[in-house]
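1. I would like the atomic coordinates for the input below:
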Amino acid sequence: QAYSGTPPEEKEKIVWVRFENADLNDTSRNMEFHEIHSTGNEPPLLLLIGYSDGMQVWSIPISGEAQELFSVRHGPVRAARILPAPQICAQKCDNFAEKRPLLGVCKSIGSSGTSPPYCCVDLYSLRTGEMVKSIQFKTPIYDLHCNKRILVVVLQEKIAAFDSCTFTKKFFVTSCYPCPGPNMNPIALGSRWLAYAENKLIRCHQSRGGACGDNIQSYTATVISAAKTIKTGLTMVGKVVTQLTGTLPSGATEEEILAHSNLRRSPLVPGIVTIIDTETVAEGQVLVSEDSDSDGIVAHFPAHEKPICCMAFNPSGMLLVTTDTLGHDFHVFQILTHPWSSSQSAVHHLYTLHRGETEAKVQDISFSHDCRWVVVSTLRGTSHVFPINPYGGQPCVRTHMSPRVVNRMSRFQKSAGLEEIEQELTSKQGGRCSPVPGLSSSPSGSPLHGKLNSQDTYNNFTNNNPGNPRLLPLPSLTVVLPLAQIKQPMTLGTITKRTGPYLFGAGCFSIKAPCKSKPAPQISPSKSVGGEFCVAAVFGASRSWFANNSGLKREKDQSKQFVVESLYIISCYGSLVEHVLEPRPLSTAPKISDDTPLEMVTCPRASWTLVRTPQWNELQPPFNANHPLLLAADAVQYYQYLLAGLVPPGSPGPITRHESYDSLASDHSGQEDEEWLSQVEIVTHTGPHRRLWMGPQFQFKTIHPSGQTTVISSSSSVLQSHGPSDTPQPLLDFDTDDLDLNSLRIQPVRSEPVSMPGSPRPAADRRGVSTVIDATS
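-> The predicted structure follows:
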């Protein structure tokens, strides 16, 4: 299937691309990856490509040999997902265990054939090839999302969720905000929470915090504010001109959609996000209203002033990134929940990621595995790389130049008391000032934070509970600009092909251009063609070593030399390119310290051409038992059975104690207990890494009076060598009659080492000098 000589027009047209998380690359439940740091096992990239006729599934393992797993031509596909094996327990069994893995597909012609296009979800078994379930709807489906608990079907202004084990309806939402597109109903599905755009803000459910307005400080704020005003005027002029000339694109505009919905119901509020817990939410309709209780509602808050366009949770599910239809700024929120209700939860606006001043629709958001980098891709085909911290704060050399995540404060900052001093200073100055009203960095300066001031009664006990992050003060907002913007090249003409065999039908290319700090300018395809470009991005371990050194074996620690994982971007041309990201301290910085800002060098290292040609054969189920998707499904299902304490089907007899995962709860003899306890090493606490007196608030001086102890406070004039008028003061101002003047040393002398607890030196050896320290910070 090597197609090096085929002309470009013979390749099939790609409609959408997506990187998938399934059993094949599930590091938490697939036993193959559990020894990830010792064996060098890395999960493969799993890639879904939707064509104008059918779809295709690719796997790119760590070896770099792309492998085709599934390929079919059965008409256009709007959305597809490989469903992960569901979570099971003793009370809840998987009805489709012997059919998995399942592929959920929404295609133009459903299984019944009579329904309107894109109105049903068909679930196919990749093991047997049969269709095991079909779910019909009356209106078109826009997207599918799934995790190990539920399958979510996204419709216009509605969401329906189905149980992963039985595919019976679990709950549904009908109050979604009508987004103008390209994503008609944006949602984000984490491992347990589901976020969607609500069409109203209900005050009684509103969480503390939310968006802080366009917080861009000081001079930048004025410039950007002025630019926005000019740009809005230009946009309005442009719209009028296009309407007059009749070149307005077909399809309803944002205003028309809003006008249409205003006729039907009370006015809608754009930019509101609701997060629900898919486990605790009640069955049936999920309604956020004044009369409804808040069961299952985790948070409810304003995220933007414009309609929301795209959302995504980070891998841990605690951070949510939202983007609006303008695409100037993206917001990063930290969700801190409360077990009672969503109104007690707090939503911290940690970052505003500022993309630029031109409009762009966001189509894809991807986090790195350690949540220190986020990539946002727009329909123009550009991917923007932003540095963030999971706990907020300015990204710098200390936080982003090490291969591991660092703590929010360094050990010095924690013990030196610098944070309290900073807080006192900022409280006196009243925060960083901004010339644009409403753009101060303190969240209370924002109109959206007015609600917080009325909650003083609730926060009376804040002083007694300073460690609760849900209470005031909210953390300050940080504005981050992209460190890199990766545009899609028009063609792969600039990339040289590596000589050698093709691998499983996918050409693996090596890019010979060296890493330069300023890459050659690439023409953005949107400017020259005027179209929209589907791209998807994902972080993963580097695979380019194979393309460059096919004869060499991979060394274990080869992937650990990079601070950032490689970024893989698939474009609508079907080319998957690995980009190596190298952050480094800002080259213009005069001195490099922990707080130095970052810059980034990116360069493409390897490329795989994955687009299908009409001559390719289809690759359809039923598959053999050694197919990668089937092997992964078996491994995860076996692990799920062990976790639930059940006997996996086909295993010989009951599980012995040593194999059981809930062995701590099972009965066993006391002798084993004693043996086990004798191996336990308990450390209750560790000593301080730095003593209190080593902080910057303390100073030490030496005095030598004769045979008596003199108490000198730090405010005494003895410690001042010069007074306020710079006239020399006497070093000692007590009576000279009581002193032996010969004992006063004029030369400076080294101070005695301060006696430490547990010092080996006996007390008799110490000098007869008493040191009394009185510290005033």
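2. All the helices of the stretch 201-350 of the chain, residue numbers only.
-> Assignment of helices within the stretch 201-350 of the chain using DSSP state H, counting those that start in this stretch yields the ranges 218-245, 254-264.
3. Point out where the stretch 651-777 of the chain drops to low pLDDT.
-> In the predicted model, the stretch 651-777 of the chain carries pLDDT under 70 at residues 651-677, 706-777.
4. let's see it at 80
-> 651-690, 705-777 (pLDDT under 80).
5. ditto for the stretch 401-550 of the chain
-> Ranges of the stretch 401-550 of the chain meeting pLDDT under 80: 411, 413-414, 417-468, 470, 472-473, 489-532, 545-550.
6. For the stretch 451-600 of the chain, which segments count as helices?
-> Using DSSP H, counting those that start in this stretch, helices in the stretch 451-600 of the chain cover 525-529, 544-548.
7. do the same with the stretch 1-150 of the chain
-> 36-39.
8. can you pull out the strands in it?
-> Remark: strands assigned in the stretch 1-150 of the chain by DSSP state E, counting those that start in this stretch are 14-19, 45-51, 55-60, 67-72, 77-83, 102-107, 120-125, 131-136, 141-146, 150-155.
9. any idea how far the residue lying closest to R411 once chain neighbours are set aside lies from S289?
-> Counting by CB to CB, 6 or more residues apart in numbering, R411 lies nearest to H689, which is 6.1 Å off, once chain neighbours are set aside. The way it works is simple: take the backbone N, C-alpha and C, and place the C-beta from them, glycine included. For H689, the distance to S289 (CB to CB, to the nearest Å) stands at 53 Å.
10. wait, C396 sits on L598?
-> Yes - assessed by CB atoms under 8 Å, C396 is found in contact with L598 at 6.8 Å.
11. Show the contacting residues for the residue lying closest to I60 once chain neighbours are set aside.
-> Spatial nearest neighbour of I60, chain neighbours left out: L45 (4.3 Å); criterion: CB to CB, 6+ apart. L45 makes contact with 19, 25, 58-60, 538, 540, 568 under the criterion CB atoms under 8 Å, 6 or more residues apart in numbering.
12. Just checking, which of those comes out lowest on pLDDT?
-> pLDDT across those is lowest for N25, at 90.
13. which intervals of the stretch 1-150 of the chain have sub-threshold pLDDT?
-> If you take pLDDT under 80 as the line, the stretch 1-150 of the chain has these spans: 1-9, 31-41, 110-115.
14. Please report how far the closest residue to F96 other than its chain neighbours lies from N407.
-> Nearest non-adjacent residue to F96, counting by CB to CB, 6+ apart: V132, 5.9 Å away. As judged by CB to CB, V132 and N407 stand 48 Å apart.
15. what do you get for L629?
-> L629 is 40 Å from N407, by CB to CB.
16. Between these two, which has more neighbouring residues?
-> L629 (23 against 11; other CB atoms under 10 Å).
17. and the helix or strand containing the more buried one, what other elements does it pack with?
-> According to DSSP states H and E, L629 maps onto helix 628-643. If you count contacts as 3 or more CB pairs under 8 Å, 6 or more residues apart in numbering; DSSP states H and E, helix 628-643 packs onto strand 67-72.
18. can you rerun that using 10 Å?
-> Packed against helix 628-643, as judged by 3 or more CB pairs under 10 Å, 6 or more residues apart in numbering; DSSP states H and E, are the following elements: strand 45-51, strand 55-60, strand 67-72, strand 77-83.
19. Chain neighbours aside, what residue packs nearest to T322?
-> Counting by CB to CB, 6+ apart, the residue nearest T322 is A303, at 4.5 Å.
20. who touches that neighbour in this structure?
-> Residues in contact with A303 (CB atoms under 10 Å, 6 or more residues apart in numbering) are 195, 197-198, 210-211, 270-273, 311, 320-324, 331, 333, 347, 349, 448.
21. now S593
-> Contacts of S593 (CB under 10 Å, 6+ apart): 396-398, 585.
22. Most widely separated two among these?
-> The distance between the two most remote of those (CB to CB) is 10.5 Å, for R398 and P585.
23. closest one to F162 among the strands of the stretch 1-150 of the chain?
-> Once the strands of the stretch 1-150 of the chain are compared by CB to CB, strand 150-155 is nearest, at 4.6 Å.
24. Please consider this matter closed, and thank you.
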